[in-house]
Structures are given as structure tokens and as C-alpha cells.
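Student: mind looking at a prediction? Sequence and model below.
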Amino acid sequence: MTVRTGAVDAHHHVWDLSVRDQDWITGPELAPLRRNFTVEGLEPEARAVGVSRTVLVQTVTVAEETPEFLALAEEHDLIGGVVGWTDLTSPDVADELARLRELPGGRYLKGIRHQVQGEPDPEWLSRPDVRRGLTAVAAAGLVYDLVVLPHQLPACTRAAAALPDLTFVLDHLGKPPIASGEPEPWACDTKALAARPNTVCKLSGLVTEADPRGWTVADLAPYGDTVLDAFGPGRLMFGSDWPVCTLVASYAEVIDIAGQLTEKLDAGERQEVFAGTATRVYGL
């Protein structure tokens, strides 16, 4: 599906293994990702399907990555915003956010993300030091991306309730158990999160949660329908999750799948999913 020019891809990554290892890329299934992925590699694919702006999202919990991403945003017109990383538990988090904004490309810093999915404590988002850091993110006018597993969704809902001034963006629908075909309790917990008005969801990451032995768009549709109904198009945004998506689908295929999952929407609603929501939430 080619969308109208001006579409936004609200979630992608880049990395250069000569600069920094991506220690999460392990095992034969992820082996195709063990190479460099650059903005120059993404740009022709994005432009070909009408995507003119993107949001570059952190990959590792390394402080040096965010300044590098900000510099890339300064250099490339394609990147409209950066979701970076900083240590939320640091007592100096507010000062660090201010410092990042003073760097080259600092105006492109739109949000912060931490790999909560890797935290063994399901209540990590409820820790006092984390909540203090999230308060600083809100005070800085930034959003917070949630990369979590389904069992962590209740903690996300409690954090959203406790911090109404902070916009929480749920990445990859909270990684629903598509391969198992058992949507509960993910669906119920996602609806509870969506009931908080300061929450948004990315229509992203579905293809890599599906059964690697084979899947169809029909297998993804119940999960797409759940978030469409719960968040509505005004709080839903398309993200490719490139290059992770390339494990199972090309960039063009991923945006086509998102088009099929939203085909019941009218033109204005689709414009929200493919541009309006991300532009508004990230201040692109």
C-alpha cells in the first residue's frame, strides 16, 4: 500500500556495529540483523511508500547512543524526532535531559524509553526512583515510550494513572501473544491502559510476534482491532519497527499490512494513524 506523501513512521531503529555492539542480537533467528542498518538504507524504502518523516527510537541502554541519534536527526531530513534513553533512576535526570537538549540536534529529542521488558521486577515502573524520573520527563515536555511484555501492562496503567501529565506511548501493542492465539489477559489489560486518557499506542511490531512458522493478516487482525477499538485512531500511530521487521517482512509489506488492518477506517481516521497522531504526540 502506498500512502499519501506525508506519512509518518513512528518507530524505527538504526545501528552501526563498528561503533557499538547490539548485545540483544543473539542466536540464529536474529542473525540477519547482525549487520549495520543506516538512515541511508531506510530512506529509499520509506520514500517509496510515502513516508516523509520518522521517529528514531533507542535500542540499547547506553548513554552515548542518544547524542548520536540527535546528531543523525540534525543531518537527515527524514528523522523528525528521537526517542532516546537516559537513566530514569538518576537523581540528576532533569539536568541530563536539559543537557541532551543543548546538544547538536537536541531539538529533536521528543521522548525517552527504557527496556522495561528486560527488567525482572514487574513493578519496575512503580519504583519511587523511576516515578521521580518519569516526573522529570513530563516536566521536560517529553513523552515516555513503553516497551513492555504483557504481564507488565498493569504496572503501565498504574503509572499512567499516577502521572496524568505524562503521555505514555505503548510500543508494539505491548507485545501480544499472537503466536499462541490466546489474547487474554493481554486484551483486557490493554483496554485498561487505553482507558487512561494520557496513553497512546503504536501499531507496530505485530509481524515479529506472530507464529514464525507461518501467519496471515487475519491472524494479526484481532489484535489490531483490539487497539483500534480501545485507543481509537486519534491515539494510534503506525510504526514499522524497521529493521527488526525485516526478519519476516519488508518495509513495504509492513506498511501494507498496517493498511489492511485499518481498512475499515475512513480517510480522516487513516490519516490520524499514518500521520496525525505521531505528529501531534511527538510534536514533529
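Tutor: Done, it's in.
Student: where does the spatially most central residue of the chain land on pLDDT?
Tutor: With distances taken as Cα atoms, centre = their mean, the residue of the chain nearest its centroid is residue 171 (4.0 Å). Residue 171 is assigned 98 on the pLDDT scale.
Student: gap between it and residue 159?
Tutor: Look at residue 171 and residue 159: by Cβ to Cβ, to the nearest Å, they are 15 Å apart. For glycine as for every other residue, the C-beta is placed from the backbone atoms N, C-alpha and C.
Student: which SSE is residue 111 in?
Tutor: For residue 111, the host element (DSSP states H and E) is strand 109-114.
Student: residue contacts, the residue sitting furthest away from the middle of the chain?
Tutor: Going by Cα atoms, centre = their mean, the residue of the chain most distant from its centre is residue 91, 25.8 Å out. Counting by Cβ atoms under 8 Å, 6 or more residues apart in numbering, residue 91 touches residue 132.
Student: residue 101: neighbour count?
Tutor: For residue 101, the neighbour count with other Cβ atoms under 10 Å is 16.
Student: name the element it belongs to?
Tutor: Going by DSSP H and E, residue 101 is in helix 93-102.
Student: now for that helix, which elements pack on it?
Tutor: helix 65-75, strand 109-114, helix 128-139 (3 or more Cβ pairs under 8 Å, 6 or more residues apart in numbering; DSSP states H and E).
Student: nearest to residue 251, of the ones you listed?
Tutor: helix 65-75 (18.2 Å; Cβ to Cβ).
Student: avg pLDDT for the closest one?
Tutor: 98.
Student: partners of the helix or strand following that helix in the sheet?
Tutor: Sequence order places strand 79-84 as the next helix or strand after helix 65-75, per DSSP H and E. Applying DSSP bridges, strand 79-84 is found paired with strand 51-57 (parallel), strand 109-114 (parallel).
Student: TSV for these, including mean pLDDT?
Tutor: TSV is the format used below for the strands paired with strand 79-84 (pLDDT from 0 to 100):
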stretch	mean pLDDT
strand 51-57	97
strand 109-114	98
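Student: can you map out the helices along the protein?
Tutor: 39-48, 65-75, 93-102, 128-139, 153-162, 186-194, 217-231, 251-261, 267-271, 277-282 (DSSP state H).
Student: now do the buried residues in the first one.
Tutor: Residues 39, 42, 43, 45, 46 are the ones in helix 39-48 that count as buried (16 or more other Cβ atoms under 10 Å).
Student: dump those to CSV, plus pLDDT.
Tutor: Below are the buried residues of helix 39-48 laid out as CSV (pLDDT from 0 to 100):
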residue, pLDDT
39, 97
42, 98
43, 97
45, 96
46, 96
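Student: can you redo the residues you listed as CSV with distance to residue 224?
Tutor: Converted to CSV, those look like this (distance: Cβ to Cβ, whole Å):
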residue, distance to residue 224
39, 28
42, 23
43, 27
45, 22
46, 21
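Student: farthest pair in those?
Tutor: Maximum pairwise distance in those, criterion Cβ to Cβ, is 11.1 Å, between 39 and 45.
Student: name the residues contacting each of these two.
Tutor: Counting by Cβ under 8 Å, 6+ apart, residue 39 and residue 45 have no contacts in common.
Student: can you get me a residue count around the nearest residue to residue 228 once chain neighbours are set aside?
Tutor: Nearest non-adjacent residue to residue 228, counting by Cβ to Cβ, 6 or more residues apart in numbering: residue 236, 6.4 Å away. When neighbours are counted by other Cβ under 10 Å, residue 236 registers 28.
Student: ok, now which ones touch residue 236?
Tutor: 200, 201, 202, 203, 227, 228, 272, 273, 277.
Student: let me know the pLDDT of the last one.
Tutor: When you say that, I think you mean residue 277. 98.
Student: and it, what is it in contact with?
Tutor: 10, 200, 233, 234, 235, 236, 237.
Student: who touches the residue nearest to the centre of the chain in this structure?
Tutor: For residue 171, the contact set (Cβ under 8 Å, 6+ apart) comprises 11, 57, 113, 145, 146, 147, 148, 202, 204, 205, 239.
Student: what is the most widely separated pair among those?
Tutor: Between any two of those (Cβ to Cβ), the greatest distance is 15.1 Å, for 148 and 239.
Student: related to what we said a few turns ago, highest average neighbour count across the helices and strands packed on helix 93-102?
Tutor: Counting by mean count of other Cβ atoms under 10 Å, strand 109-114 has the highest mean neighbour count of those, with a mean of 23.
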